[in-house]
Structures are given as C-alpha cells and as structure tokens.
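> Here is a sequence together with a model predicted from it:
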Amino acid sequence: MKIAKIKIHYSLIFLLILSLFTGSFFKILGIIICIFLHEFSHFIFLKLFKVNVKYLELSIIGGILEIENVSLLLYKKLIINLSGVCANIIIILFIRIFNLEVLNYLVTYNIFIILFNAW
C-alpha cells in the first residue's frame, strides 16, 4: 500500500513555534494529533476502496486529503465520511474511559469536529 505524502502548512509550523513560547505546545500538539487521526481514518477507508490519495495536508484550520477524482457508490462515500467522525468518538471515549481529565479540552475539540462534519 502506497502511503500518501504528508504536507504541513507553514501556518501550522508557525503556530507550533509560537506555542513553545506561550506554554501551550502540548495542547496544540494534542489538537494536531486529533486532526491527524480524523484524517487518517478517512485515509484508511479511501485506501480500502482503492482510491488514490495524493497527499494529506495539515494546517492551522484542519486537514485536507487530496484524492483522485473518482466516482464512488453512495454507501462508500458515507463510510469514508463517517470514519472521521468515528475516530473523534473513539478519542472522546478513550479520554473518558481512562479518566484523563487533563485532556478534557480535547473532548470539547472533538465534539466541535463532529458538529462541523455533520454540517
């Protein structure tokens, strides 16, 4: 399986550098990991349905998977789209089950991602 290139937008690099000086590096890193896991779950199902993924770009506002223009059946599109939301739900459950109170901000962030994707 060919892995897509991962691009990191300069705005995200700038935010990470800035977070080193503000003491929020690990919070920003947690958000980036959530974005990556969300997009990676889309990637897994795109590969499962044999869709060519050109690259994954992570930026300050989220992630973008650039794919080839293909026609997929509606149920496959639904599975691909819901996989990201499922990743967010799994993250929330992980934080809640293991009672990781220090990561509660990620629960809020993942709920936001779920609502954003539902729109």
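On my side now, so go ahead.
> what about the chain, any weak spots by pLDDT?
For the chain, the stretches with pLDDT under 70 are 1-3.
> Which parts of it are strands?
5-8, 53-59, 62-67 (DSSP state E).
> so where do the helices sit in this structure?
Ranges of helices in the chain, per DSSP state H, are 10-22, 25-48, 74-97, 104-118.
> Could you identify which of those is most buried?
helix 25-48 (a mean of 17; mean count of other CB atoms under 10 Å). Where you see a C-beta, it was placed from the backbone N, CA and C, and this is true even at glycine.
> contacting residues around it?
Applying CB atoms under 8 Å, 6 or more residues apart in numbering, the external contacts of helix 25-48 come out as 1, 4, 12, 15-16, 19, 53, 56, 58, 62-65, 67, 76, 79-81, 83-84, 86-88, 91, 103, 105-106, 109-110, 113.
> got the angle for that helix vs helix 104-118?
In terms of direction (axes from the mean of the first three to the mean of the last three CA atoms, to 10 degrees), helix 25-48 departs from helix 104-118 by 40 degrees.
> from here on, count from 32
Done: numbering now begins at 32, and the last item shifts to helix 56-79.
> Send me helix 56-79 as PDB with only the CA atoms.
The C-alpha trace of helix 56-79 is given here as PDB (Å, rounded to 0.1, in the frame of the first residue of the first chain):
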ATOM      1  CA  PHE A  56       2.700  23.400  22.900                       C
ATOM      2  CA  PHE A  57       1.200  20.100  24.300                       C
ATOM      3  CA  LYS A  58      -2.300  21.400  23.900                       C
ATOM      4  CA  ILE A  59      -1.700  22.400  20.300                       C
ATOM      5  CA  LEU A  60       0.100  19.100  19.700                       C
ATOM      6  CA  GLY A  61      -3.000  17.300  21.100                       C
ATOM      7  CA  ILE A  62      -5.200  19.100  18.700                       C
ATOM      8  CA  ILE A  63      -2.900  18.300  15.700                       C
ATOM      9  CA  ILE A  64      -2.900  14.600  16.700                       C
ATOM     10  CA  CYS A  65      -6.800  14.600  16.800                       C
ATOM     11  CA  ILE A  66      -6.800  16.200  13.300                       C
ATOM     12  CA  PHE A  67      -4.300  13.700  12.000                       C
ATOM     13  CA  LEU A  68      -6.300  10.700  13.500                       C
ATOM     14  CA  HIS A  69      -9.500  12.100  11.900                       C
ATOM     15  CA  GLU A  70      -7.900  12.400   8.500                       C
ATOM     16  CA  PHE A  71      -6.100   9.100   8.800                       C
ATOM     17  CA  SER A  72      -9.300   7.300   9.400                       C
ATOM     18  CA  HIS A  73     -10.600   8.800   6.100                       C
ATOM     19  CA  PHE A  74      -7.300   7.700   4.500                       C
ATOM     20  CA  ILE A  75      -7.800   4.100   5.700                       C
ATOM     21  CA  PHE A  76     -11.200   3.700   4.100                       C
ATOM     22  CA  LEU A  77     -10.100   5.600   0.900                       C
ATOM     23  CA  LYS A  78      -7.300   3.000   0.500                       C
ATOM     24  CA  LEU A  79      -9.700   0.200   1.300                       C
END
